[in-house]
Each structure stands twice: as structure tokens, then as C-alpha cells.
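Participant: predicted model and sequence follow; I will ask about them next.
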Number of protein chains: 2
Amino acid sequence: MTTQVNLMFGIHSHQPVGNFGGVFEEAYRNCYRPFLETLARHPGIRAALHYSGPLLEWIEENEPDYIDIIASLAERGQIEMLSGGFYEPILPIIPRDDALGQIQMMNDYIKRRFGQKARGLWLTERVWEPCLPSLIAQAGLNYTVIDETHFAYAGLGPKDMFGYYLTEDDGREVAVFPIDKHLRYYIPFKLPEDTIDYLRSVSEEGKTTDITYGDDGEKFGVWPETYKWVYTEGYLEKLFSMLEANSDWIKMPTFAEFIESHPPMGRIYLPAASYDEMMEWALPSRSTVKYQEIVEKLTSDGVYQDYRPFIRGGFWRNFLVKYPEANQMHKKMIHVSRKVNAIKGKAAAAGRRELWRGQCNCPYWHGLFGGLYLNYLRFANYSSLLRAEKIADDATHSDSSKVHVEHTDYDCDGHKELLVSTRDYGVCLSPGYGGSVTEIDYRPKCFNMTDVLSRRPESYHRKIKEASHQSKTEEVKSIHDIVRVKEAGLEKKLNYDWYDRRCFLDHFIRPGTTIEAFARADHDEEGDFVNQPYELVGKKKSGDKLIVTLKRDGHLWRQRCAIPVSVEKSLAISGESGIVANYAVRAGKKPIDSTLFAVELNLTLLAGDNEDRYYEIPGVALSRNRMNSIGAVDSVSLVRLVDRWMGIAIEIRYEPAATFWRFPVETVSQSEGGFERTYQGSSVTAVWPLSLEADDSANYSVSLSVEQL
Amino acid sequence: MTTQVNLMFGIHSHQPVGNFGGVFEEAYRNCYRPFLETLARHPGIRAALHYSGPLLEWIEENEPDYIDIIASLAERGQIEMLSGGFYEPILPIIPRDDALGQIQMMNDYIKRRFGQKARGLWLTERVWEPCLPSLIAQAGLNYTVIDETHFAYAGLGPKDMFGYYLTEDDGREVAVFPIDKHLRYYIPFKLPEDTIDYLRSVSEEGKTTDITYGDDGEKFGVWPETYKWVYTEGYLEKLFSMLEANSDWIKMPTFAEFIESHPPMGRIYLPAASYDEMMEWALPSRSTVKYQEIVEKLTSDGVYQDYRPFIRGGFWRNFLVKYPEANQMHKKMIHVSRKVNAIKGKAAAAGRRELWRGQCNCPYWHGLFGGLYLNYLRFANYSSLLRAEKIADDATHSDSSKVHVEHTDYDCDGHKELLVSTRDYGVCLSPGYGGSVTEIDYRPKCFNMTDVLSRRPESYHRKIKEASHQSKTEEVKSIHDIVRVKEAGLEKKLNYDWYDRRCFLDHFIRPGTTIEAFARADHDEEGDFVNQPYELVGKKKSGDKLIVTLKRDGHLWRQRCAIPVSVEKSLAISGESGIVANYAVRAGKKPIDSTLFAVELNLTLLAGDNEDRYYEIPGVALSRNRMNSIGAVDSVSLVRLVDRWMGIAIEIRYEPAATFWRFPVETVSQSEGGFERTYQGSSVTAVWPLSLEADDSANYSVSLSVEQL
């Protein structure tokens, strides 16, 4: 006897803030549109739909009638719209008021455009933390939908993964539906009849037969090969028809309807978790290897599925440790949130919208593909955050020509940073790490020019190395083992940085070092300044200017001896002239015999290989070399990094004239199409030969300012 | 070369709210006092000390000079006092304002009595959740001390477990020190020189050598055998002397001093976790077995230590699922917190203090020993919560003779309960579960008479069963395998309840059932009423009285047929006469042939075998039988459960006279001394033989009230 089955069907569709228009367009054409049209032809298919805010905003602007189709399905009661943080943030890592505000924004949107009071929440990347129920309840919602994984971690067995459970925080309760893992493998990858058979088999086992499906909408047309299968070959049409044809025993209530008419399976508390893979990615790279080992061991012992609930990877928030750049953006976001939430009125609303846009999750983490590694996603988030900051600053500071300073441990590294904001520049100065500058915002363009990602090992890099040896072996690889690389010789680009790619990093380099070695971060560093703490000797305001003096008494490390050397740098930051850094390098009781003193800036113009972005050195042939060029030029006093697209030029002046080194910082990461190189920024360095008598000193100056074109 | 080692030394001492005076006294004499005296003799030993509030309150009252000794050590800078939630609550599961208030209360206490501004927090049972850093920072503290386990779960390796890390939530940062696991095994269990050798070996490996020790103070004298070893045989004296003798390379800064002078090891985010064992205990009993299997498998494969960071048990909050009684207390606590935090002024302060006392962690969970299984700890928490509730109600309700009602899903089971409060009684009525009463408070005594723990399987019960077969086998057991049971035949007491032990549970029992079978919860239940939902037909207020009418149309299940039967019960709850339940049992279209209708109450007078607590039936020889007696008495109209210690008698009246069944509800759990039986309450049941013609009905009445003696 086939018992009745309740199938709750949820689909989540998302594109990040800052994704390319072409990507939106293609996804719309191949996926979002045909999916909805198919759904509209099958009124018997009830579904819960979630669209993230960035996607909705693109649709509103480019395909507004799509919204009307959704509204009509909502009106005829076929679909239930799911809320969520509007710009798809990882809810537990943004300030609670922002999380609440973003959910309410989506609730309002759903009410206004689709005429529904939202009842459920799609949880971004299913990143759950135990304090979420009170947030979700406070936002007026009753339920969310989460992977089985979370439930298994709480101790539930596979036979408990049905219906819904109640959970709570602070006594405020929320229903949680466990997503059936099997269905996620069946839909849309197996034959429609397999899904029906699966539902029948479950119901015949006589267990509770209330099953939740929940997955990414992009599997229906965006994922490689899926368009042909799902639409051209008619998969979705068939699936929906078969579900309708079996409506005598397969019921499709919405989640909200189901809750109204069914009691919970019980109470539950879910630990901080996400889906398995996400938790693996959140581990430090070296731990990932150990994790993969234990999974492989248990799999080959044939017991992995049995003990899977007890095998767990890392914790989402550690992406902020694994990637300092993600931390930098996160702390900027927290900082801007404080500022924005302190202002009132109309400006507050505009500021919050930009802030929330800058909370979009994608560039805060990296799993298999893209995310943090895509510089245009980071750029989009920073642009939004800087717009929000500007709105808040304008509303707060009566006189924008003044300089504002905060001295606080901004990035939670145990050292206080200086946050300096002038009319045109936002600067974050980090005495604790090489006396470096970690952020330079050009405020008229809301542009963070220092957003350069360092090159780090990723656990998947070993595949590239293995692939490069492939031709030398006799083995024939199966299709799954083939590593696709978008260009030859990529293994040679696997350089790893031993320091973060910041600005005003002070090097002492062994003479004879090549620009190539320096570019590989594989040179002989003689000094101990680059990533070591400087002392904050003084800071004083003078008009629209802040002057900060930093000093480090360090050493040159040469065979068998440490030669004392001190670097004092005084950075003047002002609204008009940007940053002027004056250096005094002083020998101690021992002379310093021929080294290279070098000051490195890491800057980004977003594209390495683009005719609108180039170097310009007055009177030098280098001019118009693109940002991914590598090389050295002697006797340079002025370099301009021109960005015609943005309409700015970053001017860098050296005094005395220096040898100018430049190279692109490029990472190697995975994408759907294979391994690829990504331009993250350009390292530009002034190099001066230096020899000093005991107690003698030398002076240098490096300045940076931006000109609008 | 031996590098310098920094050893941070933290000790946590705690006794729960409601523990017996004798236990406090013995622990003080054998442990707290000699420990502090030894410490005072060794000014070179720097330590961080934490005492929980319940312990401090006992010391203040009984041994006030002890406080002065601590103060003198604090004054001479030898010790740093650690803060924490005053009454030792599990911080993440209590409302945030209460958590903050409890920490501030401890901060204030430390300031007032010891003259220190608290800097660090001892985290109760090291139950960490990711939202804690913002709470700890908000409470004005800078650090906490947590097991290595948490750090391993974040992906750190054994060589990273030194110094401290910074973590944050909402941008508010806190330092976290990882407790060295090896030291916890060395101190106080191995020779003092082993500890010194261990410190030397660590320092010789040239790793960072900043090591944290943190553990329970009770290991120094309270744990079995430790008094003799630690004091009589001079362990602690020797350890301290050796540490002082090696002070040229073993430095003992306090945690706060260490933070001032050392940078962090890095940033980190810790997932929701506690120590390994706690996470195992938090699993449902059936999952525990699987968990133990995988640990055993990996151990026998010799790889457990290697992969341990990826092997995890459950999540603390699921104790509230595993034990509905813990959930009941937790939700009561949340409910009372709402009430108390809504009032102002002097009453609010008094109310909060009682509320916070009722948040003491011990009876909210159960691991190996005691906790939730100890009825006097639950009693203490409930008393405090009820005192807090009374203070809040008195401040809120102008007329205490009125009846107050709330209709809400109080316990998060998906069904709404009725919370009724009259002058003398607090009643929680649960239509969704047998139309039962889950709580009856007698408010003049702040006494919850229904706090009866159900009997459930515990994973350790199998040891008792195995032990009972022991004599039959030839094997010789090693000392570790011997199972100590405090009485013979304990395996026969392993009865498990299939329903929660509440009040006004309606049974239909097969005639001929014995009281013994009923006491084992192993009788033939013919009805489907006990734990099934009743419909709330009506509720109306009338003066100081609330009348609630509940109804269930259910069945008697007999071989091959279901006989319809409906039960309507109307409960009148008032300030003077307690609860009067009038029953109408009605047959449907089929007659009902001889069943037993029975109404069960589960009540507790806290002690099963005590001459001050007994049954009294006017004119019947049963009188003065203790609460752990079992048996049946015919034709009973009135039963009194007398408690001379508390000065009350619970009067239960039956109309018509019924056969009266009584038996003790006793659990079997582990204690330090071995397996033991614990009286949890008494089941008192009225049994009436019932036969009905079709459409006919019968009426019964059961009433409960309390008389002060």
C-alpha cells in the first residue's frame, strides 16, 4: 500500500552583488525564465521560491515582467515566497540589527510585489548558528529549511529526517525542515521516474513521509550541461507532469501550509554548521588534507556513511582567519555598520542599503570556485561599503575638510590600527604589521585601491602540480581525474606570499636580486621589517593633515651577524595630497655595506590585461604597459597608474629617483571551467642601493595621490 | 638550552545551588581550605582563581575568614580573580541580559571583596557558542580560558595550542587561552617532577612556551583518594616548591599580565563546543553507542589521536531534547526571566537574584554523575525560580486573588499550553499531551510538586545488565571493568517510561493488570489518551477560578477492533481549592465491556524513604507508609501526601471512591560511589472498573489541593 507523501519543494536562486551583466542575462535566459515558465504550466506543482535581492534588483531593471509572472503564481496560491537577508548575507556574521533589517526588507519586498506575508527564511549557504532562531522569530518568520547534515550533527538518524522540528533560542521558536539528501541527488540529475520511485519507496517503508526538497535554482540550467537536459530534453516538464499525475498520493503543500496542519517531529537544537563541503573548506589548508584522509579511510573501510554524523570539518567564521583579506572586508563592514547605524533619517536609509549590499556573502569566503578570489566581487562589496561610509561620514562630520582619526584594534589582530579619514582618502595604518598601510580608499570614487589578495596554498593546488607531471607517467587517467587548466605552465604560477600584500612595506633586499625572484616572493630578504611591528612614536593633527611617525629598531640578518638598523617613517595623510611617507634609515654602531632598501606598494586597478589600465612614466618607453607587466626601470621619480575606465590616475613619486620594479600579483584558483589565473593587483616597488657608515642615515620619500582624469 | 616557560595557572571551584550543607563543609575542609593555605605559603605561585557564587555565598556565611585570605593574596598580587556568571549558568542558554547581569554581579563582587577589576571569565562547563565574545566584551572582560578541544575543532594542530588567540563577535574581541590537555592529566595525578619535566620538554622543542593550565579545584581534595595524595602525602606542597625552585625558567604570570606583555598567536573562531565528554553526553542515548563505536574503531586502528579534531559528539542544547524535564525547567526559567525583567525597582533586584540562582547549570543536564538526576538540585532551582516569579507577579498584579492565564507554546513542542496562575497555585496545562498537567506549583511554599523525572535508558545502563550476568561467566574482570552497584538487583529497577510522568494522565487499563506491571510501565494500555492530544473545547474565567474543558475522541484498542470512546475533562483551577477535574467518559456506537479507567498523578515529596513524608488515608492502615511504598487500597475517597519537613499535605479526593494505586518512580544513575537508585516521585492513581452501554457515559472527579500544616 502506498501511503500519502507530502513533498515540500523549495528553490533558491541567487547572483552576487557585482556580478557581470552578461552572467545575469545568461542565467536568466537559460534558467530562471524557463524554470518559471515550466512551473506556470503546471499549476499542480506547489513550490517555495527564494530569489536573492541582487538578482531581484537585476530582474526589476531588466526583465520586470518576470516579477509579474511570479506575482500571478503567488496570487493563485501555487507558490510561497521565501524571505532571507535581502542581499544574501551570512546571517550570523553581520550585526544583528543589519540581519534583522535585511530580512525585514525582503519581507516588505515580498509583501509589496507578491502580496504575501513571508513565513519562511532561506538561510544563506545554510550557515547556521544556535542564536539564529530568536533572530528569525524576531523578523516575524516561522520556519527555515536546512541540510540534513545539521540534524545528523545533533544526533538524529536517517529515519528522523522528515517533517519538521521545532527549535528555539531565548524561548523564541522556529520550525526547521531537514532537506532530504537523496532528493538533492535525484533532482534534476536522474530520470523523473527515479524521483517518483524514490518517493514511493520511502512511503512504502511506512516511515513518516513528509519530505523536503531544497536546492539551488541554478542546477536547472546554469550548471554545465543542465540547460540541454532540463529543458531541451524535457526533464523538468516530465518531472512536473509525473508529480501531477501521481497527485493522488504525492501531495505538494507549501511549507507554511504543512506547519499549519502537522505537528512537529519533536524539538531539536542544531549546532553551528553548514553543509559538509563548506565545513571542509573552512578548515586551514593543512587540516583539509588530514580531514580528507579520515574521510577516505572510513570510506575505504566501508563505514563512512555509518559514522558520518560524527565526522566534521571546520567552522564557517574561520574563513576570516584563513583569508586575512576576508577579515579585512568583514571588519570594514562591521566598522561601517557602526557608523551607519549611528545616523538617523533619510541618509540612514540610504546608508543602510549600501551597507547591506556590502554584506553580500560571496567575496567573504572561498570554497571550490571563485568567491573571494574574484576581484570584481570584492570591488563591488567595497564600493558599497565605501558609499555607505561616505553617507554616514557626511551626516556626522560638519566639516569634511578636517581629518578624523580612530585608534583601535580594527582587524582583531591584537595591535591597534589607525583609521584616518580625510576629505578624499580613507587610510588604515597598521603599526603592528610592518608599519604598513592596509587600506587606501579614494573616497570620491568609493574605491579601495589596496584590495590585493595574497597568494596562498590551496589544498587543490596539488592537483595542478600532479597534472604537470602527468605526461611523464604512463597511467591513463579516468575522466574524473583529468585536471583542466585554462593555460599551460600554470604550476609555475604557484607562488606563495610569506607576507600580506599591503602598502608601504619596507624591504632590505640582497643586492643582485632579480625582479623575477622578488615577484615569486622568493628573494633574499635581509631585513626584519616587512611584517614585524613598528612602534607608534607620535601622531599629530595639523590642519587637514595627520602626521604619524613610526619606528622600528631592527636588523639586517647576514651570515653569522645581525647588523642593527632602524627605520623611521613619517606618514602625512591629507585630503588633498594623499599620503607622503618620509623615511630615515639609520645605521647603528656597525656600518651597513651595500644592501637594497625598497618600499613596496600593492595596488589594484582591477584588470591586469586591459588597454584602459596602464603604467605611465613621463619620458619613458614603459608608458602604456599594462598592469600585468613585469620589469624594472631605472631612475624613476614619478609613476602614474592610469585607469581610464574609472577616470583616475594614481600618482606615485619617489625622492630621490629610484629603480622602479613592477609585477602582477596573480593567484591560481579553480573555476567551473578549470584552473585559472586571476589578477589580484600589482606590486610597485622603489629600490635604492644603500650603504651607510656607523650612525649615519639616509632619507627617502614615497608619496601617493590620486588625480581625477 | 631551556627556554623560558610561561605557565598560567587557573583553578575553578564550584558547588551547585541547593547542594547539602554537609557536602559544602566536607569539600571546604578537604579541598578549598588546604588548597588556599598551601598557595598562601608559596608566594611565588601565581594563580587565577574562580569560585562560583553558590560556593562564595556558603563561604561568606560559614567561613568568612576564607574570603579574607583570598583578599590578602589578591592584595599582594599573587592571584587574579576570575569572573563568570555568578550562579554558574550555562551562558548561551540563558537570556542575554541575565548572562550580562550575572557576570556583572561577579565583577562587582570581586571588586568589592577582593579589590580587583576582573579581567577574565571562567566559562561554565566550557560550553562555548560563537556569540559569546560580544557578551564577554560587553561585560567588560578581556579573556577566557577554554579546552584545547575547541581549538582543534577550528582546525588548529597540537603545536598551535599555546599562548592565546583573539576571537570576536560583532567586532568585539576577546582573548582565548587554550588549556593544555597534558597538564590536566599531570596535575595532580602524576609526580610533581613529571610536570616539571613536561614543561622542560615542551620548552626544549623550541615551540612557543606559553602554557595554560585550567581545571576544577575539586581535583585537589574532593575527588576520591585525592585528599590523601594532595595534602597528607604532600603532592601540592612539592609541586609548588618545585615550581618556585625553577623560577629562573618557569615564570608564572597571571593571564591578564600575560596579555599585556605578549601579542596573540593569531585570530580564531571557535565553533559551538564543550569538552569531548560533554559533547558525547549531549547525544541521544542511541547515538552515543554509534559514537563510542567509531572512537573505539579509530583507537584500535591506532589513528584516533590523529583524527580526533574531526570526531565530534553532540551539541549541548540537546540536553533539553534528551530530557524533557530539563526543557521544562529551562522554559520555566525563560518565562520567569521575561516576567522579572519586565518589573522595575527594588523588587526587580530581588527577583533577578532569585531568577539567576535558578539558572545554576547543574540540574539542566546529566553526564556521568548526578546533575538532573538529583531531585534536590532541581528542587533548589525551582524554588528560586518560583520565588522570582512570585516577586514579579506581586509587583505586576494589583489583585492577587484574580486568576491569570497565558496561552502560549511554553515548552516549544508545537502545541500551546495554558499557564494558569491563581493566588496559591501555578499550573501548566498541556492539551497537546494527554490534556495533562505538567506543573503544579504551590506558591506559598514556592514548591513545584510535579517535578518528577521519567525513567529513561542511559547508555551506561548496559553495564549494570552486563554486571548482573557477571557471576555466570568465568571471566576475571580487571579493576576498570568492575561495575560498582550500591545495591543488589539494581538491574531489575531498570524500567523505562513510555510516557512523561505528568499529572492528570488518563488511562484505560486492561482488567487484571497488577500494580507491579503498572509500576514497570509494562502494563496493557487499552486507550490512546495518555500522551495523545486533547482538544481545548473551552476556557472561561469565573471569579478567582478558571475552568478549562478538554476533550479527546479516542479509542480502546482491542484485538482486531477499535472501540470509540471519548473523554471530556473539565479542570477548575482556583486560588483556594486547587484543581478539581471532572471527567465524563462516554461510549460511542459500541458498548465498552469491562476496562479500568484510571487517572494518574505523579507527585514528589523529594524523599522516598523518610519518616517525615508519608501517605495518610483516613481510617486505613496504609497511613504513614512512606513515599517509596508500592501497593493498592480499595475504596479510597481521600488520600493525603503529608510532608512534615515542608509543612504541607497534598490532599487528593476521588469521587466516586476508587482503588488507589501507588508506587515510587525511581531512576538508576551513576554517582562517584557507583550505580544508585534515586527517588524521583510517586505515582498515585485512582482506578475505577468501567463498562458502558453504547452512547452511555460515566462521571468521575479527581481533585488536588494543598493544606498547610
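Facilitator: That came in fine, so what should we check first?

Participant: would you mind listing what in the stretch 501-650 of chain A touches chain B?
Facilitator: Contact residues, the stretch 501-650 of chain A versus chain B (Cβ under 8 Å from any Cβ of the partner chain): residue A:533. Bear in mind the C-beta positions are built from the backbone N, C-alpha and C, glycine included.

Participant: grab the nearest non-local neighbour of residue A:24.
Facilitator: Among residues not flanking residue A:24 along the chain, residue A:58 sits closest, at 4.7 Å (Cβ to Cβ, 6 or more residues apart in numbering or on different chains).

Participant: do you know how far the one you found is from chain B?
Facilitator: Using Cβ to the nearest Cβ, to the nearest Å, residue A:58 is found at 31 Å from chain B.

Participant: was I right about that residue contacting residue A:15?
Facilitator: Yes. In this structure, residue A:58 is within contact of residue A:15 by Cβ atoms under 8 Å, at 6.7 Å.

Participant: for chain A, give me the ranges with low pLDDT.
Facilitator: A:1-2, A:206-208, A:469-483, A:621-623 (pLDDT under 70).

Participant: got the domain boundaries for it?
Facilitator: A:5-271, A:459-529+A:559-566+A:587-708 (automatic domain parsing).

Participant: ends of the shortest one, how far apart?
Facilitator: Right, the one you point to is domain A:459-529+A:559-566+A:587-708. Length of domain A:459-529+A:559-566+A:587-708, first residue to last, Cα to Cα, to the nearest Å: 42 Å.

Participant: more neighbours, residue A:58 and residue A:15?
Facilitator: Just comparing residue A:58 and residue A:15: by other Cβ atoms under 10 Å in any protein chain shown the higher neighbour count belongs to residue A:15, 25 against 21.

Participant: right, and that one touches residue A:27 too?
Facilitator: Yes. Using Cβ under 8 Å, residue A:15 makes contact with residue A:27 at a distance of 6.4 Å.

Participant: tell me the residues of the stretch 301-450 of chain A that contact chain B?
Facilitator: Contact residues (Cβ under 8 Å from any Cβ) of the stretch 301-450 of chain A with chain B: A:303, A:306-307, A:309-315, A:317-318, A:320-321, A:327, A:331, A:334-335, A:338, A:409, A:412-415, A:432.

Participant: swap in 7 Å and give it another go.
Facilitator: A:307, A:310-312, A:314-315, A:317-318, A:320-321, A:327, A:331, A:334, A:409, A:412-414 (Cβ under 7 Å from any Cβ of the partner chain).

Participant: check the stretch 1-150 of chain A too.
Facilitator: A:92, A:95, A:129-131.

Participant: nearest to residue B:233, of these?
Facilitator: Closest approach to residue B:233 among those (Cβ to Cβ): residue A:130, at 45.1 Å.

Participant: just give the number of residues close to that closest one.
Facilitator: 24.

Participant: can you give me the strands in the stretch 1-150 of chain A?
Facilitator: Under the criterion DSSP state E, counting those that start in this stretch, strands of the stretch 1-150 of chain A are mapped to A:5-13, A:47-51, A:79-81, A:120-122, A:143-147.

Participant: repeat that for the stretch 551-700 of chain A.
Facilitator: Under DSSP E, counting those that start in this stretch, the stretch 551-700 of chain A gives strands at A:561-574, A:578-587, A:592-603, A:613-616, A:631-643, A:648-671, A:674-692, A:697-708.

Participant: hmm, residue A:435 and residue A:530 touching each other?
Facilitator: No. Look at residue A:530 against residue A:435 with Cβ atoms under 7 Å: they stay out of range, at 10.0 Å.

Participant: neighbour-wise, which of the two wins?
Facilitator: Higher neighbour count among residue A:530 and residue A:435: residue A:435, with 28 against 21, using other Cβ under 10 Å.

Participant: wait, doesn't the more buried one sit right on residue A:534?
Facilitator: Yes. At 3.3 Å, residue A:435 counts as touching residue A:534 under the criterion of Cβ under 7 Å.

Participant: shared neighbours, these two?
Facilitator: Listed as contacting both residue A:435 and residue A:534 by Cβ atoms under 7 Å, 6 or more residues apart in numbering or on different chains are A:550, A:552.

Participant: for whichever residue of the stretch 501-650 of chain A sits closest to chain B, what are its contacts?
Facilitator: Nearest to chain B, among the residues of the stretch 501-650 of chain A, is residue A:533, at 7.7 Å (Cβ to the nearest Cβ). Contacts for residue A:533 (Cβ under 7 Å, 6+ apart) come out as A:415, A:431-432.

Participant: if we go to 10 Å?
Facilitator: Counting by Cβ atoms under 10 Å, 6 or more residues apart in numbering or on different chains, residue A:533 touches A:415, A:430-435, A:550, A:552, A:554, B:263.

Participant: and the helices in the stretch 251-400 of chain A?
Facilitator: All helices of the stretch 251-400 of chain A, identified by DSSP state H, counting those that start in this stretch, fall at A:255-261, A:276-281, A:285-300, A:304-307, A:319-322, A:324-341, A:345-357, A:375-396.

Participant: nice, that's everything, thank you.
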